[in-house]
Every structure is written in C-alpha cells, then in structure tokens.
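*Asks:* quick one: sequence and predicted model below, then my questions.
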Amino acid sequence: MPQLTSLLNEFTSRFGGTEQAVRIFHAPGRVNLIGEHTDYNGGAVFPAALTFGTTLLIRPRDDRQLRLASTNFALSHEVPLDGLSLKEEDDWMNYPKGVAWELEQRGYRLSRGYDLLFHGEIPNGAGLSSSASIEVVTAFALLTMEGQPTDTVQIALWSQHAENEFVGVKCGIMDQFAVANGKKDHAIHLDCDTLKYELVPFRSGDYKLVIGNTNKRRGLVDSKYNERRAQCEQAVRDLRKAFPDLTLLGQLTLAQFEANEQLIGDETVRRRARHVVQEIDRVQRSIEVLNRNDLAAFGALMNASHDSLRDLYEVTGAELDAMVDAARSVPGVLGSRMTGAGFGGCTISLVHKDSVERFISEVGEKYEEATGLRADFYVCDIGDGVREWKKEA
C-alpha cells in the first residue's frame, strides 16, 4: 500500500483546497498464471490480481471539468466532460478520459467534474495491465462518487469497451476482468467467451510468485499475434471435416483433437492448434491440482505451458527462454513460464520464500550474461480487485 499521507499532501499541492472531501480507490495489476493464447480460441484463462496496482485520489468539483494528474508522469491536464475525444498528445490521460466517455455513452451522465490524482506502482510495458488498472479504478471511483451501482463485471466490460473504441486498442477482456474481480489468495478461472468464472483458492503457503521483467521491447507481438490467430482459424476450417459446426478450437476436448489432428494439412498449423487445445486442458488440470493444494503439480504445469509456447506456438523468444532456463536452475523453484503475449514482457515463477533472494540474484546475473539486458523482479502476493480504501488505512 503506498503512503497515503504523502499522496494526500501531493493531491492538495497539485489541486489546492483541503483533503476533507478526497476519497481513495485502488485497482490492482494482474498476472496470468497459466492459459496463454487460449482466450481468442474460446478457451479459459487463469489470471490473478496482484497486491500492487493503481491508487486514485478523487474529489468532486463544482463544474464539468476533469483535472487529471499522475505521480508517474509530468503531463497533467484539465479537460471538459462535454465533447471528450482521443488526443494523442494526452498520452496516459486518454485512459481515464475514455472511461468517462464510456460512462456517459452508457447513460451515466456525470453530474459534476472531478479532480483525479493517479499513483501507479505497475511498471509500464511489463504486461501487468497498467492500462486496465487505470480504467477500472476510474470507472469504479466515478460510479461510486455519483452514487451509482458498481457491478464489477459490468465495469470490466465497459473498461474494455473504452480501450477498444475510445483509445483504439483491441484488447480482450481478461485484463479488466481480473483487475475488477480479483480476490485475495484466489485465481480466476475465466471463460473469455461466456464470462462465466469461478474463484479458485491459491494457497501459496511458503511459496512466492516472482515476476521477472525481461525489459525486452516487444516489437513482434502485433504481427505474430495476427499470424497465430489466422493459423488457429485455419486449423478450425480443416477440422470441420470431422466437426462441421466447429467455430473455435476451445470447443474440442483434448481427446477429440488428438483423434482428428491429422485432418490439419499444414504441420505448423497443427502444432499451433495442439498448443491451444493442450493449454486449455492444462488450465483445467491446474484447478484440480490447486484444489488438492498440490503446488508442485501446478509448477510442473507451468513448466509444460512454457515449453509448449516455446516449441509449438513459438512465441517466447531468446530473452524469455533465457530467463525461464535460469529460473528453473535455482533450487526451490517449482515452475517458471512466460506470461502474456510473448516476444518479451514477463515471466512468472513459483519460488520458495527461502530461495527468493538467491533467485533474484542468480537469475538476474545469468539473464544479463545471456542477453546483455538487466531484468527487474517483483515479489508478489495475490490481492483483491478494485475497491475503496479508507483514509485511516
């Protein structure tokens, strides 16, 4: 939890007045524990909210202006609520602007303006959902301040729609959903198509989640993402010889796929499809082993997930592979895998608490030797989704 006293002081120094009417909200970052490149194939994902994220201090105004500022960026601005539009020069502020625009589109016309100060603890570009965290905390805070219902599933959908239509980024639902609906010590088993979800206990005991940021710029993501998506669609077309109504790979069981995969003519396309169907099965098995509190079995599934993303889906790259290889060589590590779209970004590892310092030191050293890049590490616990914080906290 950030130092709230210093944030309140920062708020009044930026916006003037007193802190009396200021309210404080928080939305976490998120990490996907397993289930990669399954979402657009009709499969499940398995994210968790983190204990660090975005804190928002907000106070009502007597006009219809939004004053936006951040402790992370020098750029701040005052914008009218009437006629909100995307402006490239507004940079990070387009995310909260987009949420205010979305709420007004949905019939929640804001009765007044607000002063908003954001404090982000999520490293930008690490793939831990800083944008979703900003969107969800803004939506939750504005609705709360206006005395409106705060349905967190709706908030996730509206935040995603704001990013899709206002900001222009065609993201899926997982990030906003995990940020809005996370629960301490639980992962979320989410079907991205139906939005059916269940909270699965994640009792980490003596183990910590350690996120490793490769600090590799992810230049290939968009083009390779589109290519992989097209290959999965080709696999569906080939498999319709056996399943005429098939629309997504996630509609097949592993057994159905294995009995019919020879129908996929192209060997590369077959490997892509094999990863997807096996990865969806790994998500299901993850729930079973975690319900038994078998962390070692979950770690083995994490390892299998990364190996499949490396060998079958081919979205890891030298940096992620180097970090995972280094992680697996440290005693006390149950599993390590890439998380996110790939070609850079982050790994997630399950590490015994007594090995965490050694892990950060050794993995950092080996990774830098292999790649010339310096890694950053974050030791995490699984936290709650978006909520209001009381000043006394």
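*Replies:* Yes, it's here.

*Asks:* isn't residue 239 up against residue 264?
*Replies:* Yes: Residue 239 is in contact with residue 264 according to C-beta atoms under 8 Å; the separation is 6.7 Å. Where you see a C-beta, it was placed from the backbone N, CA and C, and this is true even at glycine.

*Asks:* okay, and the common contacts of these two?
*Replies:* By C-beta atoms under 8 Å, 6 or more residues apart in numbering, residue 239 and residue 264 have these common neighbours: residue 273.

*Asks:* flag the shaky bits of the protein, pLDDT-wise.
*Replies:* 1-2, 125-126, 218-221, 392-393 (pLDDT under 70).

*Asks:* domain map for it?
*Replies:* Split into domains by automatic domain parsing, the chain comes to 4-202+383-389, 207-380.

*Asks:* who are the packing partners of the longest strand seen in the chain?
*Replies:* Longest strand of the chain, by residue count under DSSP state E: strand 47-60. Packing partners of strand 47-60 (3 or more C-beta pairs under 8 Å, 6 or more residues apart in numbering; DSSP states H and E): helix 4-15, strand 23-32, strand 114-120, helix 130-145, helix 174-181, strand 186-191, strand 376-380.

*Asks:* as JSON lines, the domains of the chain with mean neighbour count would be great.
*Replies:* As requested, those are exported to JSON lines (neighbours: other C-beta atoms under 10 Å):
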{"stretch": "domain 4-202+383-389", "mean neighbour count": "20"}
{"stretch": "domain 207-380", "mean neighbour count": "19"}
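
*Asks:* now do the strands in the chain.
*Replies:* Under DSSP E, the chain gives strands at 23-32, 44-45, 47-60, 65-70, 77-80, 114-120, 186-191, 197-201, 207-213, 333-339, 346-352, 376-380, 387-389.

*Asks:* now distance to residue 365 too, for the ones you listed, in CSV please.
*Replies:* Listed next are these as CSV, based on distance: least, C-beta to C-beta, whole Å:
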stretch, distance to residue 365
strand 23-32, 23
strand 44-45, 32
strand 47-60, 25
strand 65-70, 34
strand 77-80, 42
strand 114-120, 29
strand 186-191, 31
strand 197-201, 35
strand 207-213, 13
strand 333-339, 15
strand 346-352, 15
strand 376-380, 12
strand 387-389, 38
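
*Asks:* what's the spacing between residue 179 and residue 160?
*Replies:* Residue 179 is 10 Å from residue 160, where distance means C-beta to C-beta, to the nearest Å.

*Asks:* so what sits against both of those two?
*Replies:* Residues touching both residue 179 and residue 160 (C-beta under 8 Å, 6+ apart): none.
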